[in-house]
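K.L.:
Got a predicted model here, sequence first, then my questions.
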Amino acid sequence: LLLLMAQSNAECNTIGCCATISACGKGGQWAKALLLACLMLQSAVELDAVTMNAAISSCGKVGEWEQAFGLIGVMEDDKVECNKSTFSAAITACEKANQWEKALQVVSMLARRNVELGTVAFNAGISACEKSGEWERALLLFREMDKGYIEFDTITFNAAISACEKGGEWDSALRLFGVLA
């Protein structure tokens, strides 16, 4: 893309690169999204949080959590502000790769930094725990959401109830279902 734009004398900018990275992510082409982000680093095109979040999200969709974390490191090195979307995408990458420990590390790190996580990030963390059979940790995240006044949604309840089911915790599942009903 950058080469084609240069050959046609078109200006390569952050908006065009971000849209292309996002398209690659939606098409499951995380490696191409990552390559474009790397090319942006080598060129004069400014990196911003939206563009980097799109690249992290493309990695997250296929569970490439190590690549997602690497991009967060790039953001920090280049003084690009990481935000709630950045970390939600990283937690999602951990969830897709069944890396519940890494997902919880991100949640803990953000709590120490006083970064407020939203429903999406907590849902990804609960799902990561659920997929790994860590029902107790899933319920801890559920309680953290409640303490932090973070809104629950259907995904929250389904993931937490499923975690209880996989752990043989029918009474906990019934209690969650009672809250939902």
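P.N.:
It's in.
K.L.:
Give me the neighbour count for M109.
P.N.:
By the measure other CB atoms under 10 Å, the count of residues near M109 is 11. Bear in mind the C-beta positions are built from the backbone N, C-alpha and C, glycine included.
K.L.:
now do K166
P.N.:
Around K166 there are 17 residues (other CB under 10 Å).
K.L.:
what about dumping the CA coordinates of the helix or strand that contains F69 to CSV?
P.N.:
Take DSSP states H and E as the rule and F69 turns out to sit in helix 65-77. Output for helix 65-77, consisting of C-alpha atoms alone and laid out as CSV, is shown next (Å, rounded to 0.1, in the frame of the first residue of the first chain):
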residue,chain,number,x,y,z
TRP,A,65,-1.6,-12.3,22.1
GLU,A,66,2.2,-12.0,21.9
GLN,A,67,2.0,-9.8,18.8
ALA,A,68,-0.7,-7.7,20.5
PHE,A,69,1.6,-7.2,23.5
GLY,A,70,4.4,-6.3,21.2
LEU,A,71,2.3,-3.6,19.6
ILE,A,72,1.5,-2.2,23.1
GLY,A,73,5.3,-2.0,23.7
VAL,A,74,5.7,-0.1,20.4
MET,A,75,2.9,2.3,21.5
GLU,A,76,4.6,2.9,24.8
ASP,A,77,8.0,3.4,23.1
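K.L.:
show me what contacts the residue nearest in space to the middle of the chain?
P.N.:
Of all residues in the chain, the one closest to the mean position by CA atoms, centre = their mean is A89, 1.5 Å from it. In this structure, A89 makes contact with 53, 56-57, 59-60, 68, judged by CB atoms under 8 Å, 6 or more residues apart in numbering.
K.L.:
With secondary structure as added columns, please give those in a markdown table.
P.N.:
What follows is these, written out as a markdown table (DSSP: H, G, I helix; E, B strand; the rest coil):
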| residue | secondary structure |
| --- | --- |
| N53 | helix |
| I56 | helix |
| S57 | helix |
| C59 | helix |
| G60 | helix |
| A68 | helix |
